[in-house]
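Asker: this one's sequence-less:
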């Protein structure tokens, strides 16, 4: 790791990177924390400059993670969320069922991405495995959601309506 960071640090000094190189002699001697601190300052500056000068709108959007606890789950009724998964394992909520545990939290919205279920990361999973994990504990489930960023820099994601399905009225 240190060799990798040193390679990045060397690269910022306009040298040609020839692969992983060991740190220079004396890098780990007294005063090394100062050198490490200086290295982190340089890396921090590079990251700040990258964010400031990029034209990619996603780089300027802040991401918010929100933990949501679902309880009061009735057997056989489910959580009341609709999820669409991509081929590479991203799971995006497309809507909720009215008066369901997911709807009652008022924290789950269309466009939110499911990152963890009960402290288990589910990014990259197949949808069927995610559904099994969601049904694992009948008492409840804790979700970690990546919330859709709000447009703050002139770029705004397409609005998604929080679709809510109304169950049929029983007669």
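Answerer: Received, thanks. Source: prediction; values computed, not measured. Numbers count the residues shown, from 1 in each chain.
Asker: drop to CA atoms for contacts and neighbour counts, all remaining ones
Answerer: OK.
Asker: Give me the buried positions along stretch 75-85.
Answerer: Using 16 or more other C-alpha atoms under 10 Å as the test for burial, stretch 75-85 gives 79, 80, 81, 82, 83, 85.
Asker: The fifth one: what's it in contact with?
Answerer: Under the criterion of C-alpha atoms under 8 Å, 6 or more residues apart in numbering, the neighbours of residue 83 are 91, 92, 93, 94, 95.
Asker: Those residues in strands, which ones?
Answerer: Assignment to strands by DSSP state E places the following of the contacts of residue 83 there: 91, 92, 93, 94, 95.
Asker: quick revisit: can you add neighbour count, distance to residue 50 and pLDDT and give the contacts of residue 83 back as a markdown table?
Answerer: Shown next, in a markdown table, are the contacts of residue 83 (neighbours: other C-alpha atoms under 10 Å; distance: C-alpha to C-alpha, whole Å; pLDDT from 0 to 100):
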| residue | neighbour count | distance to residue 50 | pLDDT |
| --- | --- | --- | --- |
| 91 | 25 | 29 | 96 |
| 92 | 20 | 28 | 95 |
| 93 | 20 | 31 | 95 |
| 94 | 21 | 33 | 93 |
| 95 | 24 | 35 | 92 |
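Asker: Out of those residues, which comes closest to residue 113?
Answerer: Nearest to residue 113 among the contacts of residue 83: residue 92, at 4.4 Å, using C-alpha to C-alpha.
Asker: hang on, isn't the closest one packed against residue 84?
Answerer: Yes: counting by C-alpha atoms under 8 Å, residue 92 sits close enough to residue 84 to count as a contact (5.3 Å).
Asker: so what secondary structure elements neighbour the helix or strand hosting residue 40?
Answerer: Using DSSP states H and E, residue 40 falls within helix 32-53. If you count contacts as 3 or more C-alpha pairs under 8 Å, 6 or more residues apart in numbering; DSSP states H and E, helix 32-53 packs onto helix 2-12.
Asker: Might you report the residue contacts of residue 139?
Answerer: Contact analysis of residue 139 by C-alpha under 8 Å, 6+ apart lists 71, 72, 73.
Asker: Need the worst-confidence member of the residues you listed.
Answerer: Among the contacts of residue 139, residue 72 has the lowest pLDDT, at 78.
Asker: What degree of burial does that one show, as a neighbour count?
Answerer: Applying other C-alpha atoms under 10 Å, we find 11 residues neighbouring residue 72.
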